[in-house]
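**Q** Compute the structure for the input listed below.
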Amino acid sequence: MSMRTILLTAVAAVALGSAASAQQRIPVGHLMDNSGPTSDVGVPYGQGVADALAWVNRTRGGVGGRQLAVSGFDYGYQAPRAIAQYQAWVQRERVVAIQGWGTVDTEALITFVTRDRIPYISGSYSAALTDPTGRAPRADKAAPFNFFYGPSYSDALRAMIKWAAEDWKARGGQGRPKYVHMGANHPYPNSPKAAGEALAAELGFEVLPAIQFTLTPGDFTAQCLSLRNSGAHYAYLGNTAGSNISLLRACQTVGVNVQFLGNVWGMDENAMKAAGTAANGVVFPLRTARAWTDVIAAETFEPDPGAEQVAAAREALATAVAAMREAAGAARQSDAVRDRLDGLAAQLGVLVADLPQLRAAPPPGLATVREISRTGATPQTEYRTVHYLAGICSAMLMVEAMEWAHANGGQVTGERIRDGFYARRDWVPRGLEGVCNPSTFTNEDHRGQMTVSLYRAVVTGDTTQGSVAELMRNGTMRLERVTDITLERRQDWLGW
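**A** Residues are numbered from 1 along each chain as shown. Below you'll find the predicted structure:
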């Protein structure tokens, strides 16, 4: 065999090997806003997605032994560019799933992803994406291939309005509280508007005319004067953090006294630093069970001796108390039995209360997200905002749906990935326990979470000195847990 033949054979083998290797990879799209009007929150969320997928390739060998071929695209929050990129992904790269972003583009692509059977896991939490059948009373169209991690915009707002109603009572408010929706005249801030106003009216609020302010930062003095003059007690901020910062500063300057309610993209640690004390008191939904301050604390945390045993005893005793109280309620035929069970339950309750409050080990998910942050596509160790963690959870739901598809037939196709989203109840991606909140999707309801965790931004001083990490560490800024609101899974709220 001549040298020329040997070289040609070698070149052909390399080419075939490269083609086979490329064929073995699983193509995934990742749509990002790194440069548009929502990039203030789009960048950290997109980093969370990218880092998680890179980590899966590095530590798990991809999905079923096949690396994920992730194609990222910054569309600058321009829906036409998103649609054009979608067509390119489908026709050229044949993606089997997409991590998406905004409301306008996600809703515009519903028909496309349904036709092409491609699961689309978005950063938009529009309620219009939650009805896979199209049969809900207010549904515009079926969205069987749309998913997202977290409560919908509408359900998050409903939870905040329920909290506001109780807060008004707790404050001793007189008369009807006044509620106003604020945001751009745009599908994203408008997505929960009707749902929020309807529930506010149902709960006895006086619903005021909406006040508009743009998605891009600007001088919002006029809007703040209108807000002050309206006499509103509760105001929902429907925009992302960037423009909300401008509004909060302007409202602080003109002396607005109102309880602001931020949407899920409307407040974070970066916004707290930028807005300073103007952000103090804003209540908003948090999608994860932990924030980055918990990740930092877990690095040096040492649990108290015996903490796990005490926690187990506390849980066992609490279960016994509940069982005895239930049995006492059922023992109606015998006052003596009922009294005895009530007495035992009371004694056990005292034991539970007397158990020492020992610090147990932090949940394993904190170590996982720390590793993802340090070794992913955008390595960093300083501080990550709440959106970064949500991006990780979103990506890992998709990955585990893909793993289910591989384990149940071997073919990682769009339809099988969709079915993987239905395979679990109270689903937390493995290794992320204590960080990602449980999700449940069914083929009739894509509202993955009906429990909404509300937090308050607390800013106590000057935020111009020091990094976000330093300000969070020294207590100048903190995220304060308010409450969890579990919503009824009302059929008339599906898709709306």
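
**Q** Residue ranges in the stretch 201-350 of the chain under the pLDDT threshold?
**A** 300-315, 317-318, 321-322, 324-339, 341-343, 345-350 (pLDDT under 70).

**Q** Leaving out sequence neighbours, find the closest residue to Leu247.
**A** Nearest non-adjacent residue to Leu247, counting by C-beta to C-beta, 6 or more residues apart in numbering: Phe220, 4.5 Å away. Placement of C-beta: from N, CA and C, glycine included.

**Q** pretty sure the one you found is touching Ser226, no?
**A** No. Using C-beta atoms under 8 Å, Phe220 makes no contact with Ser226, being 9.7 Å away.

**Q** quick one: which of those two has more around it?
**A** Phe220 (24 against 19; other C-beta atoms under 10 Å).

**Q** Now do the phi/psi pair for that one.
**A** phi -110, psi 30 (degrees, to the nearest 10).

**Q** mind listing what it touches?
**A** 213, 243, 246-247, 250-251 (C-beta atoms under 8 Å, 6 or more residues apart in numbering).

**Q** Where do the strands of this protein begin and end?
**A** 26-32, 68-74, 97-99, 120-121, 146-147, 178-183, 206-207, 211-212, 234-237, 259-262, 283-286, 451-459, 477-486 (DSSP state E).

**Q** Turn the ones you listed into a markdown table, including distance to Asn443.
**A** A markdown table is the format used below for the strands of the chain (distance: least, C-beta to C-beta, whole Å):
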| stretch | distance to Asn443 |
| --- | --- |
| strand 26-32 | 23 |
| strand 68-74 | 25 |
| strand 97-99 | 17 |
| strand 120-121 | 16 |
| strand 146-147 | 12 |
| strand 178-183 | 33 |
| strand 206-207 | 35 |
| strand 211-212 | 38 |
| strand 234-237 | 32 |
| strand 259-262 | 33 |
| strand 283-286 | 26 |
| strand 451-459 | 21 |
| strand 477-486 | 23 |
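
**Q** looking at those strands, which is buried most?
**A** strand 97-99 (a mean of 28; mean count of other C-beta atoms under 10 Å).

**Q** What lies in contact with that strand?
**A** So strand 97-99 is contacted by 28-31, 49, 53, 86, 89, 113, 118-122, 394-395, 398, 401-402, 414, 417 (C-beta under 8 Å, 6+ apart).

**Q** mean confidence score for that strand?
**A** The average pLDDT within strand 97-99 is 98.

**Q** Within its sheet, name the partner strands of it and how each one runs.
**A** Applying DSSP bridges to the sheet, strand 97-99 is found paired with strand 26-32 (parallel), strand 120-121 (parallel).

**Q** So what touches the first one?
**A** Which is strand 26-32. In contact with strand 26-32 (C-beta under 8 Å, 6+ apart) are residues 42-43, 46, 49-50, 53, 62-63, 66-75, 82, 85-86, 89, 93-101, 105, 398, 402, 412.

**Q** Pull the distance from that strand to the chain's centre.
**A** Centroid separation between strand 26-32 and its chain, computed with C-alpha atoms, centre = their mean, to the nearest Å, is 19 Å.

**Q** before we move on, what about stretch 44-57?
**A** Using C-alpha atoms, centre = their mean, the offset of stretch 44-57 from its chain centre is 15 Å.
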